[in-house]
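**Student:** Make a model of this:
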Amino acid sequence: MRHWTEYTQIMVSLFAMCTAPALVPVFLGLTSEMPASQRKRTAWICASTVFVALVVMVFFGEPLFKVMGVSLDAFRVGGGILILLSSIDMVRSEPPQLSQTGGHPASNNPGIVPLGIPIVAGPGLLAAMMVHSSNYSGVADDLVLVGAALSMAIYVLISFLFGERVVGFLGSSGIAVITKISGLLLTAIGAGFIADGIKGLFPALA
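**Tutor:** Numbers count the residues shown, from 1 in each chain. Below you'll find the model as predicted:
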């Protein structure tokens, strides 16, 4: 059992890396064509995905990466490609028609990919949780890390549910603008992931 200040440092570092409020425009952009009920469901799916991903990192992160032969840099490249593909769809999409009824096919729901992974639970956050789990190996430590993962999920959920309220103020035109801007932002994020991953995989290119 560690001192509570060490656990506080863990929480602070994770909250600093989980920039959920800053990703609200991205969430709105990816869910712009969804009815309100589906948008809320996507927020819950994203939060659940973040929680599961972080818990997996606590208990199986490092061994899983080793068994699969996947490096963090390769994960960065793959995640960056997923983000780039999503951003292209956002930039090229037609202005959404906001609705309060209807639904989106579950297979098209972005709550898991790319929103949950790798946008919210990206390589940095997953790596941080994996490092913390390797440094703190006791049962009490694991419980604290699971609690930290739950806190991250709640943080994401609250941020995105609050973002849902923004839709009513912006309307179709406002959401269309946010979608385009978010698409450009995601393009930069994806390119950054890919660049960092390539530098790690091929140090001579750095």
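
**Student:** thought Leu150 was touching Val50?
**Tutor:** No: the criterion here is C-beta atoms under 8 Å, and Leu150 misses it with Val50 at 9.8 Å. Placement of C-beta: from N, CA and C, glycine included.

**Student:** Who has more neighbours out of the two?
**Tutor:** Val50 (30 against 15; other C-beta atoms under 10 Å).

**Student:** tell me which element that one falls in.
**Tutor:** Here Val50, judged by DSSP states H and E, is contained in helix 36-68.

**Student:** Apart from its chain neighbours, what residue comes closest to the spatially most central residue of the chain?
**Tutor:** Residue closest to the average C-alpha location in the chain (C-alpha atoms, centre = their mean): Val120, at 1.5 Å. Nearest residue to Val120, sequence neighbours excluded (C-beta to C-beta, 6 or more residues apart in numbering): Val50, at 5.3 Å.

**Student:** got it, and Gly190?
**Tutor:** Using C-beta to C-beta, 6+ apart, the closest residue to Gly190 is Ile83 (3.4 Å).

**Student:** next one: Ala53
**Tutor:** Ala121 (4.4 Å).

**Student:** Ok, Leu115 next?
**Tutor:** Cys46 (4.8 Å).

**Student:** I'd say Ala128 and Met17 touch.
**Tutor:** Yes: here Ala128 reaches Met17: they are 5.7 Å apart, a contact under C-beta under 8 Å.

**Student:** How about the contacts made by the residue nearest to Val120?
**Tutor:** By C-beta atoms under 8 Å, 6 or more residues apart in numbering, Val50 lies in contact with 18, 116-117, 120-121, 149, 152-153, 156.

**Student:** From Pro35, how far off is it?
**Tutor:** Relative to Pro35, Val50 is positioned 23 Å away (C-beta to C-beta, to the nearest Å).

**Student:** just Phe160 next, same as before
**Tutor:** Taking C-beta to C-beta, one finds Phe160 at 15 Å from Pro35.

**Student:** number of nearby residues for the residue nearest to Gly190?
**Tutor:** Counted with other C-beta under 10 Å, Ile83 comes out at 27.

**Student:** pLDDT value on it, please?
**Tutor:** Looking at Ile83, its pLDDT reads 74.

**Student:** What residues does it make contact with?
**Tutor:** 114, 118-119, 186-187, 189-190, 193.
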